[in-house]
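Engineer: attaching a predicted model along with its sequence, questions to come.
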Amino acid sequence: MMRLLRDCRLYGIIDLGYVEARDAARIVEQMIEGGVDLIQLRGKSKSIGELRDLAADLHDFITKSSTPLIVNDYPEVARAAPVEGVHVGQDDDSIEIARQKVGREILVGKSTHSLEQARAAQGEGADYIGFGPIFATPTKPDYAPIGVENIRRVHAEVNLPIFCIGGINIDNLQSVIDAGAKRVVMVSALLKAHNIVDYARCATDMLA
C-alpha cells in the first residue's frame with residue numbers, strides 16, 4: 001500500500017543535474033532511511049528512454065518501502081514505467097493532457113508560483129501543488145523567490161496537499177514552518193548534505 005499524499009511531509013527530489021544516474025538508487029535508499037515520504041525523479045537533460053529505464057529501476061527498488069515515486073515533466077515516462085505520479089510545470093502539459101498521456105490512474109502534481117496559479121491548479125484537478133520558489137534557488141534561477149508571506153494564505157485558499165519548495169534547507173526550515181507550511185520539498189540541500197540520512201531525519205523531526 002502506497003503512502004497517501006496527505007500523510008507526506010518531506011518531498012525529496014533526485015535531480016540528475018546534481019547526482020549521477022548510477023548513484024540514484026543509493027541516494028533513494030538514504031532518503032527513505034531518513035524518512036523522506038515522497039520522491040521525484042528529475043532529469044531535464046536526459047532522454048525519455050533514459051528516464052523511463054531509471055524510473056523503472058528505482059521503482060523496483062523502493063516499492064517495498066511504500067514511498068511513491070513521481071517523475072518530473074514527462075507523462076510519457078509515467079506511461080512506460082510503473083510509477084505513482086507525474087509532476088508538471090506551468091509550461092508543461094495540462095493536468096488533463098498529462099493524465100490522458102499516461103493512460104491510467106495516476107497522481108499529478110503541478111508547480112505554482114503565485115496564489116492565482118495555486119488556485120488554478122486546484123481547479124484544474126491537481127492532486128497536489130508545489131508552491132514557490134520560497135527562497136532563491138540555483139535549481140530554478142529564472143524564478144524570483146516569492147517569500148514566505150503567502151504560505152498561510154495559500155493553505156487557507158487551496159484544499160490540496162501543498163509542498164513549499166525553493167531554497168529550503170535546515171537553516172531556514174523553521175521560518176517556513178512558522179509561516180504556515182506543513183510540507184516541504186528539498187533538493188540541493190538534501191542531495192549535497194554530508195549525511196543525507198541525518199539531514200532528512202532532522203527535517204522530518206521539525207515537520208512532525
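Structural biologist: Cool, got the structure. Quick caveat: nothing in here was measured; it's all calculated off a predicted structure. Residues are numbered from 1 along each chain as shown.
Engineer: could you list the buried residues of the longest helix seen in the chain?
Structural biologist: Ranked by residue count, the top helix of the chain under DSSP state H comes out as helix 48-62. Buried residues in helix 48-62, counted by 16 or more other Cβ atoms under 10 Å: 48, 51-56, 58-59, 61-62. C-beta here means a position set from N, CA and C on the backbone, and glycine is covered the same way.
Engineer: got the phi and psi for the residue lying closest to residue 85 once chain neighbours are set aside?
Structural biologist: With Cβ to Cβ, 6 or more residues apart in numbering as the criterion, residue 85 has its nearest non-adjacent residue at 3.2 Å, and that residue is residue 107. Dihedral angles phi and psi of residue 107 (degrees, to the nearest 10) take the values phi -80, psi 140.
Engineer: residue 42 now?
Structural biologist: Backbone torsions for residue 42, taken as degrees, to the nearest 10, come to phi -130, psi 130.
Engineer: which pLDDT does the model give it?
Structural biologist: At residue 42, the model reports a pLDDT of 98.
Engineer: what's opposite the spatially closest residue to it that is not a sequence neighbour in the beta bridge?
Structural biologist: Distances taken as Cβ to Cβ, 6+ apart put residue 72 closest to residue 42, at 4.0 Å, once the chain neighbours are dropped. Applying DSSP bridges to residue 72 yields these beta-bridge partners: residue 87.
Engineer: list the contacts for residue 72?
Structural biologist: Going by Cβ atoms under 8 Å, 6 or more residues apart in numbering, residue 72 touches 13, 40-44, 86-87.
Engineer: okay, the residues you listed in JSON lines with distance to residue 161 and neighbour count next?
Structural biologist: Formatted as JSON lines, the entries for these read as follows, by distance: Cβ to Cβ, whole Å; neighbours: other Cβ atoms under 10 Å:
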{"residue": "13", "distance to residue 161": "16", "neighbour count": "25"}
{"residue": "40", "distance to residue 161": "14", "neighbour count": "23"}
{"residue": "41", "distance to residue 161": "19", "neighbour count": "27"}
{"residue": "42", "distance to residue 161": "19", "neighbour count": "19"}
{"residue": "43", "distance to residue 161": "24", "neighbour count": "23"}
{"residue": "44", "distance to residue 161": "24", "neighbour count": "12"}
{"residue": "86", "distance to residue 161": "15", "neighbour count": "28"}
{"residue": "87", "distance to residue 161": "13", "neighbour count": "28"}
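Engineer: closest one of those residues to residue 185?
Structural biologist: For residue 185, the nearest member of the contacts of residue 72 is residue 13. The distance, counting by Cβ to Cβ, is 6.4 Å.
Engineer: go ahead and confirm the closest one touches residue 38.
Structural biologist: No: taking contacts as Cβ atoms under 8 Å, residue 13 lies outside contact range of residue 38: 9.4 Å.
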